[in-house]
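Participant: no FASTA, just this:
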Ligand code: HEC
């Protein structure tokens with residue numbers, strides 16, 4: 001049954017793409033015709049039509065919360081359950097509502113929310129220890145959902161930067177969702193402006209890249225101020241392998 005519905009959705013999407021006419025009544029259509037009767041004429045069920053007519057946000061809400069697509073009562077390390085993480089904050093809601101088509105004011109809202117959430121260190125932004133920063137960049141420890149949760153009293157959660165970025169040029173294993181950060185310090189210089197930028201990007205990257213896939217390491221409490229300073233050193237310190 002599920003397969004039939006999703007195939008129906010795919011067919012409808014394909015037909016819409018080909019004809020680029022769905023949702024727009026043609027000149028001889030009856031304007032008062034409801035969406036569901038158009039869908040049933042094409043052999044789709046009312047349910048499929050409902051999916052197609054939904055906004056991306058409403059569809060995600062439905063799949064996650066109403067269709068029981070995830071085990072939402074699974075416990076998380078921060079003490080809550082998976083359901084809490086699935087509940088979007090205002091920044092995520094704005095990004096989801098706009099998807100690829102974000103209006104200028106929505107982009108402004110995301111950037112403003114991101115900046116407002118950014119807390120700077122009391123004693124100014126400075127670099128920590130690049131070796132500790134390398135461990136943060138490599139580690140994906142922590143904040144997994146499951147019964148066998150990682151013990152944060154033994155080891156701090158990591159930043160998992162290598163999952164998305166190339167960093168040290170001699171490390172062969174890295175993801176490419178984010179841009180390469182090889183020679184970051186050499187190319188940008190260890191200036192106050194670069195340190196400010198880097199801190200803000202790690203803390204809440206939406207300040208510069210609204211609706212980015214990069215996690216908000218500071219705003220979401222994944223990394224501590226010390227860990228952020230360390231990972232900044234890994235990127236900016238001339239002695240770090242990133243800059244060799
Ligand atoms: C889930 C993937 C992901 C993870 C994990 C991730 N990033 Fe990113 N990062 C991105 C993406 C994607 C961009 C590009 C911004 C965009 O266009 O969305 C980016 C951009 C950046 C930039 C700006 C690059 C520039 O040229 O100025 C820096 C710096 C950065 N990330 C550092 C980090 C650090 C440090 C970590 C680990 C603490 C990290 N990232 C973890 C995805 C990720």
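Facilitator: Arrived safely. As the structure is a computational prediction, the values presented were derived from the model and not from experiment.

Participant: what residues does the chain put near the ligand?
Facilitator: 137, 159-161, 163-165, 177-179, 181, 198, 201-202, 205, 209, 212-215, 217, 231 (CB under 6 Å from any ligand atom). Bear in mind the C-beta positions are built from the backbone N, C-alpha and C, glycine included.

Participant: Next, the residue nearest to the spatial centre of the chain: secondary structure please.
Facilitator: The residue lying closest to the centre of the chain (CA atoms, centre = their mean) is residue 213, at 3.5 Å. Of the three states, residue 213 takes coil according to DSSP: H, G, I helix; E, B strand; the rest coil.

Participant: The nearest residue to it once chain neighbours are set aside and residue 57, how far apart?
Facilitator: Once flanking residues are discounted, residue 213 sits nearest to residue 177: 6.1 Å by CB to CB, 6 or more residues apart in numbering. Distance check for residue 177 against residue 57: by CB to CB, to the nearest Å, it reads 23 Å.

Participant: between these two, which one's more packed in?
Facilitator: Counting neighbours by other CB atoms under 10 Å for residue 177 and for residue 57 shows that residue 57 has the greater number, 17 against 11.

Participant: So the more buried one sits against residue 95, correct?
Facilitator: No. Taking contacts as CB atoms under 8 Å, residue 57 lies outside contact range of residue 95: 9.7 Å.

Participant: where does the protein dip in pLDDT?
Facilitator: By pLDDT under 70, the low-scoring segments of the chain are 1-49, 99-100, 146-149.

Participant: all helices of it, in order?
Facilitator: With DSSP state H as the criterion, the chain has helices at 2-19, 35-41, 46-53, 56-61, 82-86, 90-98, 104-117, 130-138, 184-188, 192-203, 225-236.

Participant: Would you indicate which residues of the fifth one are buried?
Facilitator: The neighbour-count criterion (16 or more other CB atoms under 10 Å) identifies 82, 85 as the buried residues of helix 82-86.

Participant: For burial, what's the neighbour tally of the closest residue to residue 200 other than its chain neighbours?
Facilitator: Closest residue in space to residue 200, ignoring its immediate chain neighbours: residue 207 at 5.1 Å, by CB to CB, 6+ apart. By other CB under 10 Å, 22 other residues sit near residue 207.

Participant: who's in contact with residue 207?
Facilitator: 111, 114-115, 118, 200-201 (CB atoms under 8 Å, 6 or more residues apart in numbering).

Participant: ok, now residue 189?
Facilitator: Per CB under 8 Å, 6+ apart, neighbours of residue 189: none.

Participant: can you count the residues close to the closest residue to residue 198 other than its chain neighbours?
Facilitator: Closest residue to residue 198 apart from its sequence neighbours, by CB to CB, 6+ apart: residue 232 at 5.3 Å. Close neighbours of residue 232, defined as other CB under 10 Å, add up to 25.
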